[in-house]
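# With the input below, show me the fold.
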Amino acid sequence: MGHSPLVVRDLSVAYQKKPVLFDASFEVPEGKLIGIIGPNGAGKSTLIKAALGLIPKLKGEVLVYGKPYKQQLLKVGYVPQRESVDWDFPTNALDVVMMGRYGRLGWFKRPGAADRMAAMECLDKVGMSPYADRQISQLSGGQQQRVFLARALAQDAQLYFMDEPFVGVDAATEKAIISLLNDLKRQRKNRAGGSS
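Numbering: from 1, shown residues only. Purely as a prediction, here's the structure:
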């Protein structure tokens with residue numbers, strides 16, 4: 001029998017010695033869409049960041065398919081909060097999505113035609129292929145979110161973390177994200193997402 005995509009056991013986190021998350025434990029079954037729901041300041045983003053090793057844990061264990069996250073990097077895709085991204089960084093939409101391919105290429109191999117094609121397919125899935133050459137600073141909030149969703153798709157991960165994917169996006173983008181999540185669910189991909 002295989003391991004669950006995500007197991008969190010007794011996870012606790014503190015910021016500057018102030019406890020934020022206490023003994024969180026849960027398991028994500030295969031092929032499920034899981035929402036983390038709570039008010040602002042409840043620790044939703046903290047839980048996701050701690051699970052991804054982006055912030056230190058006080059205690060607890062996080063397993064991705066039975067192993068520590070750092071051993072399973074290629075199996076995990078992440079869509080950060082829009083507000084945490086530097087949208088003035090001089091790069092276009094296609095280059096952002098290509099970043100999702102780098103983990104599979106290794107340090108010394110440059111992305112090739114197949115990677116570019118895969119990135120374009122991911123942009124197309126989120127309705128953003130006409131904007132491939134557009135600077136990300138020139139995109140609307142909803143378009144920016146779609147680009148980062150495409151970047152996560154380009155990783156071809158098995159487990160996706162999305163930190164408040166619906167905040168600050170228009171109705172069309174929200175509908176597109178939900179449609180894509182349902183497509184991934186049918187493909188038995190797994191997600192853990194936070195929302196207010």
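# secondary structure element for the residue nearest the centre of the chain?
The centroid of the chain falls nearest to residue 78 when counting by CA atoms, centre = their mean (1.9 Å). According to DSSP states H and E, residue 78 maps onto strand 76-79.
# Relative to the whole chain's centre, how far out is that strand?
The chain centre lies 3 Å from the centre of strand 76-79; the measure is CA atoms, centre = their mean, to the nearest Å.
# so what's the residue nearest to the centre of the chain closest to, chain neighbours aside?
With sequence-adjacent residues excluded and distances taken as CB to CB, 6 or more residues apart in numbering, residue 78 is closest to residue 161, at 4.8 Å. From N, CA and C alone the C-beta is placed, and that goes for glycine too.
# Just say helix, strand or coil for the one you found.
Residue 161 carries the three-state label strand when classified by DSSP: H, G, I helix; E, B strand; the rest coil.
# Tell me the bridge partners for it.
On the basis of DSSP bridges, residue 161 is bridged to residue 78, residue 192.
# State the number of residues packed around it.
Counted by other CB atoms under 10 Å, the residues lying close to residue 161 total 24.
# and if you look at the one 3 residues further on?
Each residue near residue 164 was counted by other CB under 10 Å, and the total is 22.
# again, but for the one 5 residues further on
Look at residue 169: counted by other CB under 10 Å, it has 21 neighbours.
# Which pLDDT value goes with it?
At residue 169, the pLDDT value in this model is 84.
# May I have the phi/psi pair for it?
phi -110, psi 160 (degrees, to the nearest 10).
# Same question for residue 32.
Taking degrees, to the nearest 10 as the convention, residue 32 sits at phi -120, psi 150.
# pLDDT averaged over the host helix or strand of residue 148 - what is it?
Using DSSP H and E, residue 148 sits within helix 141-154. Helix 141-154 comes out with an average pLDDT of 91.
# the inter-axis angle of it versus strand 159-163?
Orientation note: helix 141-154 sits at an angle of 160 degrees relative to strand 159-163 (axes from the mean of the first three to the mean of the last three CA atoms, to 10 degrees).
# ok now helix 141-154, how far from the chain's centre?
The mean C-alpha position of helix 141-154 is separated from the chain mean by 10 Å, CA atoms, centre = their mean.
# same check, this time on stretch 173-193
12 Å.
# measure residue 158 to residue 75 for me?
Going from residue 158 to residue 75 by CB to CB, to the nearest Å gives 5 Å.
# Tell me where this protein is predicted with low confidence.
Within the chain, the segments meeting pLDDT under 70 span 1, 103-109, 188-196.
# All the helices of it, in order from the start?
Listed in chain order, the helices found in the chain under DSSP state H are 44-51, 93-98, 102-105, 113-125, 141-154, 171-186.
# how about those helices in CSV, adding mean neighbour count and distance to residue 63?
Formatted as CSV, those follow (neighbours: other CB atoms under 10 Å; distance: least, CB to CB, whole Å):
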stretch, mean neighbour count, distance to residue 63
helix 44-51, 22, 10
helix 93-98, 23, 29
helix 102-105, 14, 19
helix 113-125, 17, 27
helix 141-154, 24, 21
helix 171-186, 15, 21
